[in-house]
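[1] any chance you could fold what I've pasted below:
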Amino acid sequence: MDIIISNASGEPIYTQIVRQIKTMILEGTLKEGDALPSMRNLAMQLRISVITTKRAYEELERDGFIESYTGKGSFVRAQNKELYREEQLKAIEGLLTDAADKAKRCGIPLNELQEILGIVYGGSES
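    Numbers count the residues shown, from 1 in each chain. Below you'll find the predicted structure:
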């Protein structure tokens, strides 16, 4: 599992782990039933504290992305399609908010921004 940790980013390490594992699950890189590395192995791979990986796994479990079994490990849970859609909509909304803010700063009117989105999206409405 390729997780990249940035010490330069202001984001806590456990949050970086959570974000990247969620992305792998939502994009299908990690599938239902796939085993995650043990907390100790992941900590060794990333050269971080086991406490940090434990916190990341606890958050992933709380959010319904993984399930952990004592003595067996942690595994990707079956994903609720509505949860997946909601996560994707949230990410898209964030990107569109950034685009809208930038368009406002540059003086691009809404109709022009909508036209650009239509072109980028491929010109179809479905």
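[2] what's the lowest-mean-pLDDT helix or strand in the chain packed up against?
    Lowest mean confidence among the helices and strands of the chain (mean pLDDT, DSSP states H and E): helix 81-106, at a mean of 88. On a contact count with 3 or more C-beta pairs under 8 Å, 6 or more residues apart in numbering; DSSP states H and E, helix 81-106 meets helix 13-26, helix 110-121. No exception for glycine: its C-beta is placed from N, CA and C like everyone else's.
[3] deepest of these, which one?
    helix 13-26 (a mean of 19; mean count of other C-beta atoms under 10 Å).
[4] downstream neighbour of that one in the secondary structure list?
    Per DSSP states H and E, the first helix or strand lying C-terminal to helix 13-26 is helix 39-46.
[5] orientation of the helix or strand just after that next one relative to helix 13-26 in degrees?
    Using DSSP H and E, the next helix or strand after helix 39-46 towards the C-terminus is helix 50-62. Angle between the axes of helix 50-62 and helix 13-26 is 40 degrees (criterion: axes from the mean of the first three to the mean of the last three C-alpha atoms, to 10 degrees).
[6] in helix 50-62, which residues are buried?
    T52, T53, R55, A56, Y57, E59, L60 (16 or more other C-beta atoms under 10 Å).
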